[in-house]
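Q: coords please:
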Amino acid sequence: MNKESAAALKGKKKQILDTWMANQTKDAALRDDLMSVAELQQQSEEFLNSLLKAFASSQAENPDSAGYEPIHDILSEISISRARQGFSPRETSAYILSLKEVLSQTLEERYKDDTTVLYREIISMNKIMDSLSLVTTETYIKGREEVILRQTSEMSEISTPVIRVWEGILALPIIGTLDSARTQVVMEALLEEIVATGSRIAILDISGVPTVDSLVAQHLIKTVSAARLMGAECIISGIRAEIAQTIVHLGIDLTNIYTKATLASALKMSFSMLNIQVTRASQNGPIGSKQNFGF
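A: Now for the predicted structure:
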């Protein structure tokens, strides 16, 4: 882009901004529930000022030059912010593409009598704006990936609660697929609670795990081994008929691990291991307990 074009665009800055804002606000995809018009105006004006300044630099033709670094920073901030706010990829890309349309119209007015120069300047401007559009898209994707990773981490923590069901007994209901990353979260949460409570029994309930293959079994075995090193015994409950058949078919050895079909059975076994007796006070009365801790 030559200096004459850069000067022409700078001289029409207010008109360009007004037209650009009008195009954005009348777009049916505008999310005014996520961003106010005043915020959009401020954001657009800051970006346009930086862009016109880059157009006037000595390396205006190169969108990767130092003159465009402030623009890349602004676009990165905008894209990441919009990704976190919930804007779609189309809405984020439209921010740059709508400006590209206004700049093209301005250059057409300036060089309406010289189609050769107009063609050259339009090509140059499109190259720059397309490059900036790619920066916007790439940064948006990174922002969405950060959101997804954060949400996945939060969901993993929420979906692995360690419950203290009785004195010395912990229960960890596992729901969903158990992969390596999730196993690490489960193991850390369980070991921390074992240390904090001094529990001697930990029940891993896999009723909510859809399938158990060799990889899932290995993750469970690692969790049991880690708990044993901390001085706690583990019981795996929720072994359904299809899971039992799969384990046998795969030749997975769980003979050294206590397993039960239901959480209730695992809890009953825990009471027996800790020498705890639970009795009913009366036929119709509340449930009472008689405890004899053998430790």
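
Q: so Leu172 lies in a helix, does it not?
A: No: going by DSSP: H, G, I helix; E, B strand; the rest coil, the assignment for Leu172 is strand, not a helix.

Q: and it, what pLDDT?
A: On the pLDDT scale, Leu172 is placed at 90.

Q: tell me the contacts of it?
A: Thr160, Pro161, Val162, Ile163, Val186, Ala189, Leu190, Ala202, Ile203, Leu204, Asp205 (CB atoms under 8 Å, 6 or more residues apart in numbering). Yep, even glycine has a C-beta here, placed from its N, CA and C like the rest.

Q: so where's the stretch 1-150 of the chain shaky on pLDDT?
A: 27-34 (pLDDT under 70).

Q: could you dump the contacts of Leu172 to TSV with secondary structure?
A: Output for these, formatted as TSV (three-state DSSP):
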residue	secondary structure
Thr160	coil
Pro161	coil
Val162	coil
Ile163	strand
Val186	helix
Ala189	helix
Leu190	helix
Ala202	strand
Ile203	strand
Leu204	strand
Asp205	strand
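
Q: and which of those is nearest Ile169?
A: Using CB to CB, Ile203 comes nearest to Ile169 of the contacts of Leu172, at 7.0 Å.

Q: that closest one touches Cys234, doesn't it?
A: Yes: under the criterion of CB atoms under 8 Å, Ile203 makes contact with Cys234 at 7.5 Å.

Q: please check the contacts of Leu172 and keep the buried ones.
A: Listed as buried from those are Thr160, Val162, Val186, Ala189, Leu190, Ala202, Ile203, Leu204, Asp205; burial here means 16 or more other CB atoms under 10 Å.

Q: residue contacts, the fourth one?
A: Which is Ala189. So Ala189 contacts Glu157, Thr160, Pro161, Val162, Leu172 (CB under 8 Å, 6+ apart).

Q: would you map out the domains in the protein?
A: 3-155, 163-277 (automatic domain parsing).

Q: how about the secondary structure of Pro63?
A: Under three-state DSSP, Pro63 comes out as coil.

Q: ok, it to Met1 distance?
A: Using CB to CB, to the nearest Å, one obtains 11 Å as the distance from Pro63 to Met1.

Q: same question for Gln151.
A: Taken as CB to CB, the span from Gln151 to Met1 is 42 Å.

Q: pick out the lowest-pLDDT one from the contacts of Ala189.
A: Glu157 (61).

Q: how about the strands in this structure?
A: Under the criterion DSSP state E, the chain contains strands at 163-166, 169-175, 201-208, 233-237, 258-259, 276-277, 290-291.

Q: list the helices and strands the first one packs on?
A: For strand 163-166, the contact count by 3 or more CB pairs under 8 Å, 6 or more residues apart in numbering; DSSP states H and E identifies strand 169-175, helix 263-273 as packing neighbours.

Q: what's the distance between Leu229 and Ile163?
A: On the measure of CB to CB, Leu229 and Ile163 end up 22 Å apart.

Q: right, I mislabeled it, should have said Glu242
A: Taking CB to CB, one finds Glu242 at 26 Å from Ile163.

Q: select the longest helix from the chain.
A: helix 115-158 (DSSP state H).

Q: so how far is that one off the chain centroid?
A: Counting by CA atoms, centre = their mean, to the nearest Å, helix 115-158 is centred 18 Å from the centre of its parent chain.

Q: can you name every helix or strand that that helix contacts?
A: Using 3+ CB pairs under 8 Å, 6+ apart, helix 115-158 sits against helix 3-11, helix 69-85, helix 89-110, helix 180-197.

Q: what residues of the third one count as buried?
A: By 16+ other CB under 10 Å, the buried positions in helix 89-110 come out as 91-96, 98-100, 102-104, 106-107, 110.
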